[in-house]
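Peer 1: I'll drop the sequence and a predicted model, then ask my questions.
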Amino acid sequence: MTIVVWAGGSLRDPDEAVVSSLDHGLTVGDGIFETMTVRDGRVFAPTRHLARLAYGADRMGLVGVDAEVLRGAIDEVMEAGRGSVTRLRITVTSGPGPMGSARGDGPLTTVVVGIDAARPRMCHAVRAPWRRNERGALTGVKSTSYAENAVMVAYARDKGGDEAIVANTQGHLCEGTATNVFLERAGEIVTPPLASGCLAGITRGLALEWGAMAGLPVRATAPGELTMSVLDEVIAGDAHLAVTSSTRGVQHVSTLDGHDLTPGPLLRKLSAQFELRAEAEPDPGLPRRK
Ligand SMILES: Cc1ncc(COP(=O)(O)O)c(C=O)c1O
């Protein structure tokens, strides 16, 4: 198994402790992260991931995230991995701090890890009984405060799945724990808007852009257009469901709450288009926020 670790400026032994026991990321989840995939030996969409990291840092008031240093770190990890790294994670926290919620004076903790994890081949989704807060201080931020997602995935696993789909506090369809959701319904492909409280997924954004460029009828809906009841339509076979993420691409959901689902023909086209474009454009330019 490959594990390559870069922390605080250089490559480190994977067994070495690189984070203080008082790190505010460890004690209260005060940090941000990015998960990137590797396609054809290259980290995919680094510009977009680093831009989202910068956005998260800004939202959380973490000062001093240096994109150039991170690009250098990514290169070092990829080189040290000698072709075997398939997934990279950047984690930035506010650094060592007091035990309470108030922060210390830093400096930031920055860790980049490369591993050789396999891409998930299928998605078995489960509806989660909890809600995503679309009005929280961290809504839309890829923060390390992800324990809610850990609980929801554990719930999905208990039910034989590997991803949980959640509504927001208004009962509107929101996202998965590590994915965005797309539906094929009434001859078009739709995904919840960012106002639903979902993360602005890099894959979601590219699927919207590249799908539209290919002439596919794909759009983010107006707030409230998709409630959780659309998932009953999916189970009934009147609509189709896919999830998107850096590690999954645009992936058909095989089962929902244990019910077999059929792939949507338009979603299949979107997935194929995404793969095609991702191969041709490994580092797409910055998105327009939608
Ligand atoms: C909550 C959440 N939604 C959506 C996504 C998909 O985002 P991306 O396409 O950038 O991987 C992720 C990624 O991990 C996530 O954590």
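Peer 2: Cool, the structure landed. Numbers count the residues shown, from 1 in each chain.
Peer 1: helix/strand/coil for the nearest residue to residue 194 once chain neighbours are set aside?
Peer 2: Nearest non-adjacent residue to residue 194, counting by CB to CB, 6 or more residues apart in numbering: residue 200, 5.6 Å away. (Each C-beta comes from the backbone N, C-alpha and C, glycine too.) Counting by DSSP: H, G, I helix; E, B strand; the rest coil, the backbone at residue 200 sits in coil.
Peer 1: my read: residue 200 touches residue 140, true?
Peer 2: Yes: if you go by CB atoms under 8 Å, residue 200 and residue 140 touch, sitting 6.2 Å apart.
Peer 1: any shared contact partners between those two?
Peer 2: Common neighbours of residue 200 and residue 140, counting by CB atoms under 8 Å, 6 or more residues apart in numbering, are residue 194.
Peer 1: re the thing from before, number of nearby residues for the residue nearest to residue 194?
Peer 2: Neighbour count of residue 200, defined by other CB atoms under 10 Å: 17.
Peer 1: and the pLDDT at it?
Peer 2: Note on residue 200: pLDDT of 98.
Peer 1: same deal with the one 4 residues further on?
Peer 2: Turning to residue 204, the model gives it a pLDDT of 98.
Peer 1: now swap in the one 10 residues further on and tell me
Peer 2: Per-residue pLDDT puts residue 214 at 98.
Peer 1: who touches it in this structure?
Peer 2: 269, 273.
Peer 1: now it: how far from the ligand?
Peer 2: 18 Å (CB to the nearest ligand atom, to the nearest Å).
Peer 1: near the ligand, which residues of the protein?
Peer 2: Contacts of the chain with the ligand, taken as CB under 6 Å from any ligand atom, map to 35, 142, 175, 177-180, 198-199, 201-204, 244-246.
Peer 1: quick one, strands of the stretch 51-200 of the chain?
Peer 2: 87-93, 109-115, 123-132, 163-168, 173-176, 180-185, 188-191 (DSSP state E, counting those that start in this stretch).
Peer 1: as TSV, the ones you listed with mean pLDDT would be great.
Peer 2: Shown next, in TSV, are these (pLDDT from 0 to 100):
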stretch	mean pLDDT
strand 87-93	98
strand 109-115	98
strand 123-132	98
strand 163-168	98
strand 173-176	98
strand 180-185	98
strand 188-191	99
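Peer 1: what's the closest of the ones you listed to residue 262?
Peer 2: strand 180-185 (10.3 Å; CB to CB).
Peer 1: return the list of helices and strands in contact with the closest one.
Peer 2: strand 173-176, strand 188-191, helix 202-213, helix 230-236, strand 240-245, helix 265-280 (3 or more CB pairs under 8 Å, 6 or more residues apart in numbering; DSSP states H and E).
Peer 1: need those in a markdown table with mean neighbour count, can you?
Peer 2: Formatted as a markdown table, the helices and strands packed on strand 180-185 follow (neighbours: other CB atoms under 10 Å):
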| stretch | mean neighbour count |
| --- | --- |
| strand 173-176 | 26 |
| strand 188-191 | 21 |
| helix 202-213 | 22 |
| helix 230-236 | 17 |
| strand 240-245 | 26 |
| helix 265-280 | 17 |
